[in-house]
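Asks: need coordinates for the following:
(one chain, ligands or ions: 1)
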Amino acid sequence: MDSRKSVTTEICAILCIDSSNFFYRACSLCERTLPEDHPASRCCIHCANRYATSASAGSKLLFRVLMSIATDEKVFNVICFDRVARALFGCSADEFWDFARLHPFATAAANRVLEGELFRMSLSTPKNGNAQHLRVTSVVPVRSEYRPVIEYVRQLKAVMKDS
Ligand SMILES: [Zn+2]
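Replies: Residues are numbered from 1 along each chain as shown. A predicted model of the protein is given here:
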């Protein structure tokens with residue numbers, strides 16, 4: 001990897017994802033990060049003050065997935081934010097959370113789907129010097145048969161019901 005360039009594209013295998021916590025809550029209007037226990041029905045205090053009429057806009061979950069990946073040269077941790085994680089999961093963070101709440105196997109299954117899967121990833125050095133991990137800015141599966149996590153867990157649910 002050339003350290004002078006801020007973005008590199010590599011073929012990477014996902015080794016595992018940190019499934020203990022891959023969501024965070026944000027204001028639906030400004031996407032400011034909110035505390036985890038913030039009610040889903042309320043937007044942030046700033047937006048509530050500013051747009052008195054849209055106080056019902058609420059908050060939403062966004063993906064923030066820490067994962068360990070390997071190139072042919074090394075193993076390292078990267079962070080994947082909402083837009084990119086949606087491509088891996090095939091749904092929004094709220095949709096996945098709703099599914100996983102009813103079907104707790106989904107979180108472990110997400111790891112199983114992604115583990116060992118190859119992606120062409122663009123990695124960028126965080127602009128914020130304090131940020132610890134490289135950021136994944138785009139992700140394209142190498143296998144054309146790759147199916148996003150949500151499709152896999154939905155199918156798994158259907159199979160479990162039949163058995
Ligand atoms: Zn807001």
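Asks: every contact and neighbour count from this point should use C-alpha atoms.
Replies: OK.
Asks: show me where this structure dips below the pLDDT cut-off.
Replies: Within the chain, the set of residues satisfying pLDDT under 70 comprises 1-5, 53-56, 129, 163.
Asks: what parts of it come near the ion?
Replies: With CA under 5 Å from the ion as the criterion, the chain comes near the ion at residues Cys27, Leu29, Cys30, Cys44, Cys47.
Asks: try 6 Å this time
Replies: Among all residues of the chain, those adjacent to the ion (criterion: CA under 6 Å from the ion) are Cys27, Leu29, Cys30, Arg32, Cys43, Cys44, His46, Cys47.
Asks: show me these that map onto helices.
Replies: Secondary structure from DSSP state H places His46, Cys47 of these in helices.
Asks: who wins for neighbours among the residues of the chain next to the ion?
Replies: When those are compared by neighbour count (other CA atoms under 10 Å), Cys43 ends up highest, at 26 neighbours.
Asks: Cys16 contacts Ile69, correct?
Replies: Yes: taking contacts as CA atoms under 8 Å, Cys16 lies within contact range of Ile69: 7.2 Å.
Asks: let me know the closest of the residues of the chain next to the ion to Ala100.
Replies: Distances from Ala100 to those, taken as CA to CA, are shortest for Cys27 (21.6 Å).
Asks: go through stretch 38-55 and flag the buried ones.
Replies: His38, Ala40, Arg42, Cys43, Cys44, Cys47, Ala48, Ala55 (16 or more other CA atoms under 10 Å).
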